[in-house]
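S.K.: Take this sequence and fold it.
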Amino acid sequence: MKRILLGSLLAAASLNAFATAPGGPGCGWGNMLFEGQSGLPSHLVASITNGTSGNATFGMTSGTNGCDTSGKLAYNGKSMLVLGSIMNELSEDMARGEGEALTTYAVILGVQPEDRAHFAAITSQHFNEIFSAADITAEQVHQATLNVLSNDAILAKYAEQA
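M.R.: Residues are numbered from 1 along each chain as shown. Sure, this is the predicted structure:
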């Protein structure tokens, strides 16, 4: 029972630890208590403090506890989970130069609607570079795609922001 409780607590804390701080980077008592500290343990304990007491939520709704909700939230990780789940469809669509999985991948990369047809054409032309092996991973496909995009005048901006 203790393991389940501890595992659940750590899982909940890790979800908070990987999000860009809702309410701002200094929001909540956990951030106040561990101000100036770095490293995973400090972030986890600050996140647990904010999550279990609800003080960050209160701070965001009341504008206190160092919280500010005027900024935009951001996610700086890679969307490998989505890419990993559509790899087969993506390879087929990319080879054809069209399809839902290819459009989904373009959206993940932030390719604007007006550039998606060009994205489809370029990735289809460079299919063998992007899908260079039968057992290629999502990370390898992503990196190869970024390499191809960075060499294209229209699509290079999407490689830089990814």
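
S.K.: Domain-wise, how is this structure divided?
M.R.: Split into domains by automatic domain parsing, the chain comes to 2-62, 80-161.

S.K.: Name the helix or strand of the protein that has the lowest mean pLDDT.
M.R.: Across the helices and strands of the chain, mean confidence by mean pLDDT, DSSP states H and E is lowest for helix 2-17: a mean of 45.

S.K.: what's downstream of it, the next helix or strand?
M.R.: In the C-terminal direction, the helix or strand that comes right after helix 2-17 (DSSP states H and E) is helix 29-33.

S.K.: Show me what that next one is in contact with.
M.R.: The contact list for helix 29-33 (C-beta atoms under 8 Å, 6 or more residues apart in numbering) reads 21, 25-26, 45-50, 53, 55-56, 65-66. For every residue, glycine as well, the C-beta is placed using N, CA and C.

S.K.: So which bits of that helix are buried?
M.R.: Within helix 29-33, the residues that count as buried by 16 or more other C-beta atoms under 10 Å are W29, G30, N31.

S.K.: what pLDDT, on average, does that helix get?
M.R.: Average pLDDT, helix 29-33: 78.

S.K.: And the next helix or strand past the helix or strand hosting P41?
M.R.: In this assignment (DSSP H and E), P41 forms part of helix 40-53. The element immediately downstream of helix 40-53 (helix or strand, assigned by DSSP H and E) is helix 55-62.

S.K.: would you turn the buried residues of helix 29-33 into CSV with distance to P113?
M.R.: Formatted as CSV, the buried residues of helix 29-33 follow (distance: C-beta to C-beta, whole Å):
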residue, distance to P113
W29, 43
G30, 41
N31, 38
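
S.K.: Going by distance to H142, which of those wins?
M.R.: Closest approach between these and H142, by C-beta to C-beta: N31, at 32.1 Å.

S.K.: Neighbours of G54, how many?
M.R.: 10 (other C-beta atoms under 10 Å).

S.K.: D68 versus that one, what's the distance?
M.R.: The gap separating G54 from D68 is 18 Å, by C-beta to C-beta, to the nearest Å.

S.K.: swap in A153?
M.R.: Distance, A153 to D68, using C-beta to C-beta: 39 Å.

S.K.: More neighbours: the two, which one.
M.R.: Each of A153 and D68 has its neighbours counted (other C-beta under 10 Å); D68 has more, 13 against 6.
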